[in-house]
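Trainee: sequence and predicted structure, then a few things I'm wondering about:
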Amino acid sequence: MSLLGKLLFFPITGPVAGIRWSLGKVQNVVEEELTDDAPVKQALMELQMQLELGDITDDEYVEREAVLMAQLREVRAWRERLGKGTSGGPVRVARDDEAE
């Protein structure tokens, strides 16, 4: 498209390009939120500390750990869907029969 054509169609193409750019930025932020496993890992560390300090029982720990591990698996699944690398191995939850 020539310079004159770009100038004539700018009232239409300008806002469209701006909206496209804004939506791209929103998509990047959403992808970052979906694939950030740091909050889940932090919650796991806090849960471990609560167990070590005696604030929660072993049963409460196992229940809450299962929920957090499911969240971690979900984050890693999103990372795989979006083509981002995953760190660590498979996410497993300790069961009662394994603890004995």
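Mentor: That came through fine. Numbers count the residues shown, from 1 in each chain.
Trainee: tell me how far Asp58 lies from Gln27.
Mentor: Counting by CB to CB, to the nearest Å, the gap from Asp58 to Gln27 is 42 Å. C-betas here are computed from N, CA, C, even on glycine.
Trainee: please apply the same query to Asp36.
Mentor: 15 Å.
Trainee: next: Thr57.
Mentor: In terms of CB to CB, Thr57 sits 43 Å off from Gln27.
Trainee: shaky segments in this protein?
Mentor: For the chain, residues meeting the criterion pLDDT under 70 lie at 1, 86-100.
Trainee: domain parsing of it, as residue ranges.
Mentor: Per automatic domain parsing, the structural domains of the chain span 1-35, 37-100.
Trainee: out of the ones you listed, deepest packed?
Mentor: Comparing the domains of the chain by mean neighbour count (mean count of other CB atoms under 10 Å), domain 37-100 comes out on top with a mean of 13.
Trainee: do you know how far Glu80 is from Ile19?
Mentor: In terms of CB to CB, Glu80 sits 30 Å off from Ile19.
Trainee: helix or strand right after the lengthiest helix in the chain?
Mentor: Criterion DSSP state H: the longest helix present in the chain is helix 3-35. Counting by DSSP states H and E, the element after helix 3-35 in chain order, helix or strand, is helix 38-53.
Trainee: can you give me the offset of the helix or strand following that following helix from its chain's centre?
Mentor: Scanning forward in sequence from helix 38-53 by DSSP H and E, the next helix or strand is helix 58-81. Relative to its chain's centre, helix 58-81 lies at 12 Å (CA atoms, centre = their mean, to the nearest Å).
Trainee: i'd like the first residue to be 558 from this point on
Mentor: Yep, numbering from 558; the last one is helix 615-638 now.
Trainee: tell me what angle helix 615-638 forms with helix 595-610.
Mentor: Helix 615-638 and helix 595-610 meet at an angle of 160 degrees, taking axes from the mean of the first three to the mean of the last three CA atoms, to 10 degrees as the criterion.
Trainee: this completes my enquiry, with thanks.
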